[in-house]
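Engineer: need coordinates for the below:
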Amino acid sequence: MSDDQTPQFPDDVVAGVLDHMNTDHADDSLVIAKALGERPDATAAVMTGLDHEAAVFDVTVPEGVVEMRFAWDRPVKDRNDIRMAVVAMFREAQARLGITSE
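Structural biologist: As a prediction, the model looks like this:
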């Protein structure tokens, strides 16, 4: 599916997810970028977007800010699906980095 045909979530859903991730889970976003983006040198990550296919982050690395797009590991149709997919993404990132949940 091309970008212009990708189903989009309502603006309020996207805004709510971005606010929650960037306010409450900035450290989790950084773990995702370091592990799944294979950038252990990343120092910050901000979720900047999402659609039915992936989450998008702006990641600060030594050479500047790079965009990273991570595909969901499952279908996402609503905000609860997004939450479950982000948690799965974070857990995978933790496992790759050898981080245990507290």
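Engineer: how close does the residue lying closest to D73 once chain neighbours are set aside get to A55?
Structural biologist: Leaving aside its chain neighbours, D73 sits nearest to A88 (5.5 Å; criterion: CB to CB, 6 or more residues apart in numbering). Heads up, the C-betas are built off the backbone N, CA and C, glycines and all. A88 sits at a distance of 11 Å from A55 (criterion: CB to CB, to the nearest Å).
Engineer: and those two? which has more neighbours close in?
Structural biologist: A55 (25 against 13; other CB atoms under 10 Å).
Engineer: okay, the more buried one: pLDDT?
Structural biologist: pLDDT, A55: 97.
Engineer: at which residues are the strands of this protein located?
Structural biologist: Ranges of strands in the chain, per DSSP state E, are 44-50, 54-61, 64-71.
Engineer: need those in TSV with distance to V17, can you?
Structural biologist: Putting those into TSV (distance: least, CB to CB, whole Å) gives the following:
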stretch	distance to V17
strand 44-50	6
strand 54-61	9
strand 64-71	14
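Engineer: D81 is nearest to which of those strands?
Structural biologist: Ranking the strands of the chain by their distance to D81 (criterion: CB to CB) puts strand 44-50 first, at 11.0 Å.
Engineer: show the average pLDDT along the biggest helix by length in the chain.
Structural biologist: Criterion DSSP state H: the longest helix present in the chain is helix 79-97. Mean per-residue pLDDT for helix 79-97: 96.
Engineer: also stretch 11-22?
Structural biologist: 95.
Engineer: same question for stretch 25-38.
Structural biologist: Stretch 25-38 shows a mean pLDDT of 96.
Engineer: now it: how far from the chain's centre is it?
Structural biologist: 8 Å (CA atoms, centre = their mean, to the nearest Å).
Engineer: can I get it in CSV, CA atoms only?
Structural biologist: This file holds the C-alpha atoms of stretch 25-38, laid out as CSV (Å, rounded to 0.1, in the frame of the first residue of the first chain):
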residue,chain,number,x,y,z
HIS,A,25,7.8,6.9,28.1
ALA,A,26,10.7,8.9,26.6
ASP,A,27,13.1,6.5,28.1
ASP,A,28,11.3,3.5,26.6
SER,A,29,11.4,5.2,23.2
LEU,A,30,15.2,5.5,23.6
VAL,A,31,15.5,1.8,24.4
ILE,A,32,13.5,1.0,21.3
ALA,A,33,15.7,3.2,19.1
LYS,A,34,18.9,1.9,20.6
ALA,A,35,18.0,-1.8,20.1
LEU,A,36,15.6,-2.0,17.2
GLY,A,37,17.2,0.9,15.3
GLU,A,38,20.6,-0.6,16.1
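Engineer: that'll do, ta.
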